[in-house]
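Asker: Test case, fold it:
(2 chains)
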Protein chains: 2
Amino acid sequence: MPGFVSIREVGPRDGLQNEEPIPTEAKVRLLDALSRTGVGRIEAVSFVHPKAIPQMADADEVWRRAEQTEGVRYSALVPNTRGAHRALAAGFTEIEVVVSASDTHNRRNVNRSTEESLDDIAELVELLHHAGARAEVIIATSFGCPYEGDIDPVRVAGIVDRVVRDGADRVAFGDTTGMATPRRVRELVTAVRDRDAHLPLLLHFHNTRGAALANLLTAIELGVTEFDASVGGLGGCPYAPGASGNLATEEAVHLLHDMGVDTGIDLAALIEVAELAEELVGRSLPSGVLRAGPRTRLTALPG
Amino acid sequence: MPGFVSIREVGPRDGLQNEEPIPTEAKVRLLDALSRTGVGRIEAVSFVHPKAIPQMADADEVWRRAEQTEGVRYSALVPNTRGAHRALAAGFTEIEVVVSASDTHNRRNVNRSTEESLDDIAELVELLHHAGARAEVIIATSFGCPYEGDIDPVRVAGIVDRVVRDGADRVAFGDTTGMATPRRVRELVTAVRDRDAHLPLLLHFHNTRGAALANLLTAIELGVTEFDASVGGLGGCPYAPGASGNLATEEAVHLLHDMGVDTGIDLAALIEVAELAEELVGRSLPSGVLRAGPRTRLTALPG
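Answerer: The predicted model follows:
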């Protein structure tokens, strides 16, 4: 077991992007509350076209009004050069771009093949480096594609090779529709490590089929120490059809702390933010630890 | 990884006991549908006082009307001598009794200390053996108690010693309020194995805090090959306050099959039964695999 696992909180971006739009003020409140939980990294916003994703139309204003807490690394996701310029102008120095390991999925998303997107990303990485920012490439559908089915881990490892060669500072792996299982996690991590034993990996699980914590446990046993998670499970209830079902940050932290793995996060404070998130989006969020509290929360006996 | 894991389906008893009452006919339909999934064991009913648990008031009739499928082992739960006589008269040869590892929890449930209940169980086991039936002792709150907090695994192992000495044929461990974590599973299984390396263990997890599959994975890695699970997650939505949140059988089977571990269960048939269960109880059940389907179920491209 590692002594420390680094969680990147993605609720403000990946979470809210998949909920009904909420006011700018509410987004700022969520971000600020998360910044005070002890979490080390937050995916704050994305700079996407407001017509494509109205939930992020106010990204500039959200980021301007949010407190930037020392010790927290904030990142933004961008889809293209225009978004990259916006993110850089807003002051971000950690920027994420996405490509799908599944050619079909990538074409459905951006009307380009995976190879074409990788060419675009090579240019984007150069642009970002030129401006002094770091570039992370997120490989979506790394554990399976809803159109194609299984994705050969060797294909994903090949994409990793390519983006690292093109200068990517970091690589993340998205379980876009919750197709990861302990077996698939083991196969992918092994395939990537076979090529580059020291590349830091960040895994992003969805709880669509209930396996998110089993996947996280498997990854930790393989030495992975970086994960995305979304406060309250923001970003689509796994029990609603077609929803993404992000792993709830407090479920991950609860499990990790019980195993003696530190995250730097104050779990009680995080659960309070999950309560706030639920209030802000106005629906019940799918996090069990939010509902039931941590296992250390005892029930008082009557009398 | 084991080649085979034995699942005991507990939806008809533990599941329905924690839902609003449904008609006898519906219970029989659920039981019969489960008997055709390939599952090897089903907890069919409990013989409890109808005033205490109205959901099981028609246990005799349900069992009389249900198909008893060859190759399926059916069991019943009983709280006391009177229940044992009813179960034996109904023809059951596998009978479960419960005691709580937590003294406080046991007193709250049956107004007896754990020790006093163990004395009762010793007599019950004798009665059952005398009638030619096998007796399983389920140790509730094995992974933690909502009143007392952590339960020392050595205390649980001591209870195992006692019930085995008193003739119990099998021992099961209940995660009554979802306090199990991979760490707690490891500690408990190790403590029990330290006393008796060959005792078969059956684990019963709740998904209250999202960790049920992570716990199952940990247990399998420790060589445990028997688990309870409840179709659809019947028995209390983990997202409703105070609910139990049984591990959904299809989530367990989905994970196991993907790892190459056989269960004898036809997953597609099981998911159909989960759909039926949802219809019978008239509410949305918390199973992700029921909602999303297995990872192998692909989305068709338009056009």
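
Asker: Can you tell me what sits against the helix or strand where residue A:229 lies?
Answerer: Using DSSP states H and E, residue A:229 falls within strand A:226-229. For strand A:226-229, the external contacting residues (CB atoms under 8 Å, 6 or more residues apart in numbering or on different chains) are A:5-10, A:14, A:43, A:172, A:200-205, A:216, A:219, A:246-249, A:251-253. C-betas here are computed from N, CA, C, even on glycine.

Asker: Give me the subset of these lying in helices.
Answerer: A:216, A:219, A:249, A:251-253 (DSSP state H).

Asker: Return only those of those residues found close to chain B.
Answerer: A:216, A:251 (CB under 8 Å from any CB of the partner chain).

Asker: Reformat the ones in helices among the contacts of strand A:226-229 as TSV; add pLDDT and neighbour count.
Answerer: Output for the ones in helices among the contacts of strand A:226-229, formatted as TSV (pLDDT from 0 to 100; neighbours: other CB atoms under 10 Å in any protein chain shown):
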residue	pLDDT	neighbour count
A:216	98	25
A:219	98	24
A:249	98	36
A:251	97	26
A:252	98	25
A:253	98	28
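
Asker: Return the member of the ones in helices among the contacts of strand A:226-229 nearest to chain B.
Answerer: residue A:251 (4.1 Å; CB to the nearest CB).

Asker: My guess is that closest one contacts residue A:216. True?
Answerer: No. In this structure, residue A:251 is not within contact of residue A:216 by CB atoms under 8 Å, at 9.2 Å.

Asker: Each with direction, which strands does the strand holding residue A:229 pair with?
Answerer: strand A:6-9 (parallel), strand A:201-204 (parallel) (DSSP bridges).

Asker: In a markdown table: the ones you listed, plus mean pLDDT and mean neighbour count.
Answerer: A markdown table is the format used below for those (pLDDT from 0 to 100; neighbours: other CB under 10 Å):
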| stretch | mean pLDDT | mean neighbour count |
| --- | --- | --- |
| strand A:6-9 | 98 | 24 |
| strand A:201-204 | 97 | 24 |
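
Asker: Take those strands and write them to JSON lines, including distance to residue B:267.
Answerer: Conversion of those to JSON lines gives the following (distance: least, CB to CB, whole Å):
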{"stretch": "strand A:6-9", "distance to residue B:267": "32"}
{"stretch": "strand A:201-204", "distance to residue B:267": "25"}
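
Asker: For residue A:257, which of those strands is the nearest?
Answerer: With CB to CB as the criterion, residue A:257 lies closest to strand A:6-9 of the strands paired with strand A:226-229, at 11.2 Å.

Asker: can you dump the C-alpha coordinates of the closest one into PDB?
Answerer: In PDB, the C-alpha atoms belonging to strand A:6-9 read as follows (Å, rounded to 0.1, in the frame of the first residue of the first chain):
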ATOM      1  CA  SER A   6      -3.200  12.100  -4.700                       C
ATOM      2  CA  ILE A   7      -6.800  12.800  -5.600                       C
ATOM      3  CA  ARG A   8      -7.800  15.300  -8.200                       C
ATOM      4  CA  GLU A   9     -11.200  16.700  -7.500                       C
END
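
Asker: outside of it, which residues touch it?
Answerer: With contact meaning CB under 8 Å, 6+ apart, strand A:6-9 is reached by A:34, A:37, A:39-43, A:75, A:202, A:225-231, A:249, A:252-253, A:263, A:265.

Asker: redo that, cut-off 6 Å
Answerer: The contact list for strand A:6-9 (CB atoms under 6 Å, 6 or more residues apart in numbering or on different chains) reads A:34, A:39-43, A:226-229, A:249, A:263.

Asker: re earlier: tell me the one among the ones in helices among the contacts of strand A:226-229 nearest to residue A:289.
Answerer: Nearest member of the ones in helices among the contacts of strand A:226-229 to residue A:289, counting by CB to CB, is residue A:251, at 4.9 Å.

Asker: correct me, but that closest one touches residue B:212?
Answerer: No. With contacts counted by CB atoms under 6 Å, residue A:251 stays clear of residue B:212, the gap being 11.3 Å.

Asker: For residue A:92, give its distance to chain B.
Answerer: The gap separating residue A:92 from chain B is 32 Å, by CB to the nearest CB, to the nearest Å.

Asker: Give me the number of neighbouring residues for the residue lying closest to that residue once chain neighbours are set aside.
Answerer: Nearest non-adjacent residue to residue A:92, counting by CB to CB, 6 or more residues apart in numbering or on different chains: residue A:76, 4.5 Å away. Neighbour count for residue A:76, taken as other CB atoms under 10 Å in any protein chain shown: 26.
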